[in-house]
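A.B. asks: Give me coordinates for this.
(one chain, ligands or ions: 1)
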Amino acid sequence: MAKPIGVMGGTFDPIHFGHLVTAEAACEAYDLEEVIFVPAGRPPHKAAKYISDSQHRYFMTVLATIDNPRFTVSRVELDRPGYSYTVDTLRTLYAEYPEREIFFITGADAVLEICSWRDPWSVLELCHFIAATRPGYHLQSLDRLRATLGEEHSQRVHPLTVPALAISSSDIRERVQAGRSIRYLLPTSVENYIHKKGLYRHGG
Ligand code: NAP
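C.D. replies: Residues are numbered from 1 along each chain as shown. Sure thing, here's the model as predicted:
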């Protein structure tokens with residue numbers, strides 16, 4: 001049977017080593033053939049919040065993943081007009097990879113909100129979730145989500161603790177704005193891109 005594929009969903013504003021280590025750990029833990037990074041297009045839950053231009057987030061994701069043969073980047077949410085709903089993304093990818101199991105990898109805090117996503121039961125039929133957590137995260141909140149989902153669907157939510165997720169995009173943005181170092185938190189190519197394009201200097 002063909003190996004499952006991973007779909008790494010996130011805003012990636014910017015992508016950092018925590019995301020990359022998470023994808024690599026998921027690959028190993030679930031024997032994934034590849035991980036497709038999907039930068040969020042227009043996240044519905046962030047409509048009122050400033051996020052960087054999608055082209056910048058896409059380019060940074062490509063730069064960060066280019067040297068890993070198992071990582072690819074998809075423009076599926078960037079090229080689709082309107083808000084980006086995960087259910088639409090999963091349907092598109094499912095059509096591209098028929099018969100494959102899909103593991104959708106994202107932050108545990110995002111997974112906790114899936115009941116508020118568009119068509120959550122279809123989402124749970126289409127994929128398994130790998131809920132990546134920072135060290136010290138209270139796993140009880142994921143247990144509560146599982147209880148809400150019921151027995152069958154709760155088996156589709158898999159926690160994964162990733163020490164490198166102590167790094168966060170918001171901390172990197174704040175550091176750039178304050179003129180502090182972001183070295184060793186993300187690939188040098190992404191760091192150079194941020195400085196070259198003047199991203200995050202003025203907050204958002
Ligand atoms: P978020 O709310 O910005 O992030 C929540 C937490 O998860 C943050 O701590 C974040 O850290 C972390 N995180 C995000 N993506 C991660 C990843 N791939 N691996 C590890 N940690 C990650 O979440 P978001 O980025 O906006 O959304 C996550 C995914 O859920 C996206 O694919 C989005 O499209 C999807 N989503 C869909 C719907 C819907 O269909 N209605 C609604 C909400 C979200 P960093 O800030 O350091 O990344």
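A.B. asks: Need the residues that contact stretch 181-199.
C.D. replies: 14-17, 20, 52, 56, 59-60, 63-64, 66, 167, 171-172, 175-176, 200 (Cβ atoms under 8 Å, 6 or more residues apart in numbering). In this view, the C-beta of every residue, glycine as well, is placed from N, C-alpha and C.
A.B. asks: before we move on, what about stretch 101-115?
C.D. replies: Contacts of stretch 101-115 (Cβ under 8 Å, 6+ apart): 4-10, 22-23, 26, 30, 32, 35, 45, 86, 90, 93-94, 120, 123-124, 126-133, 137, 141-142, 145, 148-149, 157-160, 165.
A.B. asks: Mark which of the residues you listed are buried, thanks.
C.D. replies: 4-10, 22-23, 26, 30, 32, 35, 86, 90, 93-94, 120, 123-124, 126-133, 137, 142, 145, 149, 157-160, 165 (16 or more other Cβ atoms under 10 Å).
A.B. asks: Quick check: buried residues in the longest helix belonging to the chain?
C.D. replies: Longest among the helix segments of the chain by residue count, using DSSP state H, is helix 17-30. Within helix 17-30, the residues that qualify as buried are 17-27, 30, counting by 16+ other Cβ under 10 Å.
A.B. asks: before we move on, the earlier item: any of the contacts of stretch 181-199 buried? List them.
C.D. replies: 14-17, 20, 52, 56, 59-60, 63-64, 167, 172, 176, 200.
A.B. asks: ok so, going back, quick check: which of the buried ones among the contacts of stretch 101-115 are also close to the ligand?
C.D. replies: Checked against the ligand using Cβ under 6 Å from any ligand atom, these yield the following neighbours: 8-10, 22, 86, 132, 165.
A.B. asks: where does residue 159 land in three-state SS?
C.D. replies: At residue 159, secondary structure determined by DSSP: H, G, I helix; E, B strand; the rest coil is strand.
A.B. asks: quick one, what contacts it?
C.D. replies: Taking Cβ under 8 Å, 6+ apart, one finds 108, 131, 133, 139, 142 in contact with residue 159.
A.B. asks: returning to that earlier point: among the buried ones among the contacts of stretch 181-199, which lie within helices?
C.D. replies: 17, 20, 56, 59-60, 63-64, 172, 176.
A.B. asks: show me where the protein has helices.
C.D. replies: Counting by DSSP H, the helices of the chain are 17-30, 54-65, 86-96, 108-111, 120-126, 140-149, 151-154, 169-177, 188-197.
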